[in-house]
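J.: coords please:
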Amino acid sequence: MKQAFWGFVVLVAAVVAVLFTASTRVAGQASAGGTSVNDTPRMPDGHPDLNGFWYRKVAGPTIRIEGGSIIRNVGVPTVPDRYDPGTPTYKPEALVQVNKLNEDPALTDPAFNCGPPGVPRIGPPQRIVQTRGEVVILYDDLNGNFFRLIPTDGRPHRTGIETSAHGDGVGHWERDTLVIETRNFDEDTWLGDNGLFHTGDLRVTERLTREGNTLTWEAIVDDPAVLVEPWSVTPRTLMLKTDDEIEEAPLCLANPLGAVQVPHGNVR
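T.: Sure, this is the predicted structure:
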C-alpha cells in the first residue's frame, strides 16, 4: 500500500514538473526572432547587451517647394504602414500656438530649417554602443548625424550647463530595462510634426528593453506647462540588424524659403 502511495506521489510530481517547464518556456519566448528571454545576450555586469544596429529609417519622399509650401512624395510612392507616434493633448491656450505654427511649417518647423530633431522626435535608437557605465546612441537623421551620451553609472544630471536640442540624459537599470531620463532641453525643437512645440520644462523618459534579438523602445513626454497630461508615445519594437550598419547622413541644405532639401528624403 505504501509503495502504491509513493508511486502516485512521484507520478504527480513528474507531471507538475513537465507542465511548469512547458509554461515557463512559452512565457519566456520573445515576440520575434525565435529566441527567448533567456537567450538575451548580456554584458559582463549582467545587464542586457544593447550593442548593435537596431533601426534604419525607410527611404521616403523627396521634398520640393511650391508657393512657400512643402510638397512631399515627389516621384516617390507613399511609404506603406508609416509609423504613427500618436499626438499629445495640449492645453487650450497652447493649442492655439500649435495651430498657428502648423499653418506654414515650411517656415516654422525647425526640422525643415536643418535644425536637430530633438527628443522624442528623433525616434528610437538606431545604433547603440554600450560600456559598463555609459550608453552611446547614434542617429542617421534627416538633418544629419546626431549622438547622445547616456551615463549609467549612477551619476546625477549635470548642473550649470547650456540647454540643448537633445537634452541631458542619465540612465539607470530597472531589472532588465534601461530607463533614460532626459531634461534641460532648449525650446528650438518640436515633439513631432504639425506644430507640436514644447517648453523648457520638457521631461522625457525612455525605456529600452531587449528580449532575444528584439529591442522595445517606449517614451513618455511630460511638459506640464503646455500638456494636459503626459504623452505616451507609441512604442516600437525593433529587430537587431546583423548585416547592416549606420551611415553618414546626406548633407542638409536650407533653401531661401527655409525648407530642407536633402539628396535622400527619409521618414520615421
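
J.: which residues of the stretch 51-200 of the chain score low on pLDDT?
T.: Scanning the stretch 51-200 of the chain for pLDDT under 70 picks out 58-81.

J.: strands of that one, start to end?
T.: Counting by DSSP state E, counting those that start in this stretch, the stretch 51-200 of the chain has these strands, from start to end: 52-53, 64-66, 69-71, 127-130, 134-141, 144-151, 168-174, 177-183, 190-192, 196-197.

J.: got a list of what the most centrally placed residue in the chain touches?
T.: The centroid of the chain falls nearest to Pro124 when counting by C-alpha atoms, centre = their mean (2.2 Å). Each residue near Pro124 by C-beta atoms under 8 Å, 6 or more residues apart in numbering is listed here: Trp54, Tyr55, Leu215, Trp217, Arg236, Leu238. C-betas here are computed from N, CA, C, even on glycine.

J.: distance to Pro92 and neighbour count for those residues - can I get that in a markdown table?
T.: Output for these, formatted as a markdown table (distance: C-beta to C-beta, whole Å; neighbours: other C-beta atoms under 10 Å):
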| residue | distance to Pro92 | neighbour count |
| --- | --- | --- |
| Trp54 | 38 | 26 |
| Tyr55 | 36 | 22 |
| Leu215 | 38 | 23 |
| Trp217 | 31 | 21 |
| Arg236 | 30 | 17 |
| Leu238 | 36 | 21 |
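
J.: which among these gets closest to Gly195?
T.: The closest of these to Gly195 turns out to be Arg236 (C-beta to C-beta; 23.0 Å).

J.: gap between that closest one and Asn113?
T.: Here Arg236 is placed at a distance of 26 Å from Asn113 (C-beta to C-beta, to the nearest Å).

J.: again with Asn194
T.: Taking C-beta to C-beta, one finds Asn194 at 16 Å from Asn113.

J.: higher neighbour count, these two?
T.: It is Asn113, of Asn194 and Asn113, that has more neighbours when counted by other C-beta atoms under 10 Å, with 18 against 13.

J.: rewinding a little: phi, psi of the residue nearest to the centre of the chain?
T.: Backbone torsions of Pro124, given as degrees, to the nearest 10, read phi -70, psi 160.

J.: which residue packs closest to it, ignoring adjacent ones?
T.: Leaving aside its chain neighbours, Pro124 sits nearest to Trp217 (3.7 Å; criterion: C-beta to C-beta, 6 or more residues apart in numbering).

J.: which of the three states applies to that neighbour?
T.: Look at Trp217: counting by DSSP: H, G, I helix; E, B strand; the rest coil, its state is strand.

J.: mind checking how far it is from Tyr83?
T.: Distance, Trp217 to Tyr83, using C-beta to C-beta: 11 Å.

J.: what is in contact with the two at once?
T.: With C-beta under 8 Å, 6+ apart, Trp217 and Tyr83 have common neighbours Arg236.

J.: so how far is the helix or strand harbouring Arg207 off the chain centroid?
T.: Arg207 belongs to strand 203-211 when assigned by DSSP states H and E. Distance, stretch centre to chain centre, for strand 203-211: 8 Å (C-alpha atoms, centre = their mean, to the nearest Å).

J.: and it with strand 144-151, angle?
T.: Strand 203-211 and strand 144-151 are oriented at 90 degrees to each other (axes from the mean of the first three to the mean of the last three C-alpha atoms, to 10 degrees).

J.: packing partners for strand 203-211?
T.: strand 177-183, strand 214-222 (3 or more C-beta pairs under 8 Å, 6 or more residues apart in numbering; DSSP states H and E).

J.: these: which one's closest to Gln97?
T.: The stretch from the helices and strands packed on strand 203-211 with the least distance to Gln97 (C-beta to C-beta) is strand 214-222; that distance is 16.7 Å.

J.: elements contacting that closest one?
T.: Secondary-structure packing of strand 214-222 (3+ C-beta pairs under 8 Å, 6+ apart): strand 203-211, strand 231-239.
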